[in-house]
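Peer 1: Starting from these lines, generate the structure:
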Amino acid sequence: MRRPPNLPFLAGPPDFMVGLHPIPLESWLLPDWEAACLPAKRALLNSRSEQVCAALEGAQEAALEAGALMAGAASLEAAAACVSDDPVILQKRDDEWRATAMVLCAPTFFSAQEAIGKSLGALHGPVPDVLGPNETQGLAQRVARIFDALAPDTVLERFNWTVQPGPERYTPQAQPVFERAAKLGAESAADLLHLRVERQTIRKLPESQAVLFCIRVSIDPLRDALAQPGARALFAQAWESAPLRVRQYKRWPMLDPAMAVLLQRLEES
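Peer 2: This is a model prediction of the structure:
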């Protein structure tokens with residue numbers, strides 16, 4: 001399997017469009033690109049279960065169904081320990097899709113305790129400054145329509161990506177990660193830059209009619225990701241052409257000095 005397994009920046013800068021497309025059912029959770037991360041994930045589940053797992057009352061039936069579908073496991077937590085993906089269950093309550101159960105061992109700057117119980121609109125709450133409140137609400141409505149219409153045998157996939165200073169997978173808070181890079185200076189921080197890619201899939205559970213949203217995170221040194229033929233130029237274009245609001249949301253301006261150093265090194269090598 002190629003490392004990194006996915007290079008979504010080849011398609012251009014990141015955005016906040018829905019961007020879902022169907023994939024074959026057999027490609028849903030396989031192959032397990034990040035099998036090497038499972039020991040650390042299991043250790044996290046053992047040591048911080050109350051921080052990475054959350055559920056609302058009434059979500060047990062859907063959680064059991066999801067666990068069985070993902071890994072033949074007896075619980076959502078047990079299923080999460082078997083695969084790289086982090087599962088999030090959303091159910092229709094009071095005519096809104098809400099996150100009712102989840103295991104988040106590789107969150108990108110949010111936690112299970114912050115997300116549990118939130119509606120689609122609230123889950124996109126950090127985005128209004130990027131999209132504007134009307135666009136954010138429209139995004140949540142489009143996702144809700146997709147959830148409503150989704151057939152159980154259909155799996156939809158999308159990718160999200162960013163750059164972070166360091167290889168950590170469990171990052172419920174952004175501030176400590178970026179503050180560390182700022183203290184190092186551009187020359188040292190350039191060596192810390194990693195490509196963080198989220199492969200997101202959604203699938204409707206046939207019995208409970210809940211939606212299972214799975215997040216598989218791969219993290220690789222950015223230098224390695226840009227070693228692919230033609231990747232450096234396309235990455236630089238995506239990095240520089242991303243809208244300012246998107247760059248600010250992802251905290252990229254804090255990494256610009258380190259990124260300039262890394263790209264210059266790669267150009268000279």
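Peer 1: What is the burial count for N6?
Peer 2: Taking other C-beta atoms under 10 Å as the criterion, the count of residues near N6 is 18. All C-beta atoms are positioned from the backbone trio N, CA, C, and that covers glycine.
Peer 1: Check the secondary structure at the most centrally placed residue in the chain for me.
Peer 2: Centroid check for the chain by C-alpha atoms, centre = their mean gives E198 as the closest residue, at 3.7 Å. Here E198 takes the strand state, with states given by DSSP: H, G, I helix; E, B strand; the rest coil.
Peer 1: List the beta-bridge partners for it.
Peer 2: With DSSP bridges as the criterion, the beta-bridge partners of E198 are N160, V217.
Peer 1: Can you verify R232 is assigned to a strand?
Peer 2: No. When three-state DSSP is applied, R232 is found to be helix, with no strand at that position.
Peer 1: Which residue, other than its chain neighbours, is closest to it?
Peer 2: Nearest residue to R232 in three dimensions, chain neighbours excluded: L226, at 4.5 Å (C-beta to C-beta, 6 or more residues apart in numbering).
Peer 1: Contacts only, for the residue nearest to the centre of the chain.
Peer 2: Contacts here follow C-beta atoms under 8 Å, 6 or more residues apart in numbering; on that basis E198 touches 108, 159-161, 215-217.
Peer 1: swap in Q141?
Peer 2: Neighbouring residues of Q141 by C-beta under 8 Å, 6+ apart: there are none.
Peer 1: in stretch 198-207, what's buried?
Peer 2: 198-205 (16 or more other C-beta atoms under 10 Å).
Peer 1: Please enumerate the strands of the stretch 101-250 of the chain.
Peer 2: Counting by DSSP state E, counting those that start in this stretch, the segments of the stretch 101-250 of the chain that form strands are 155-165, 193-204, 211-221.
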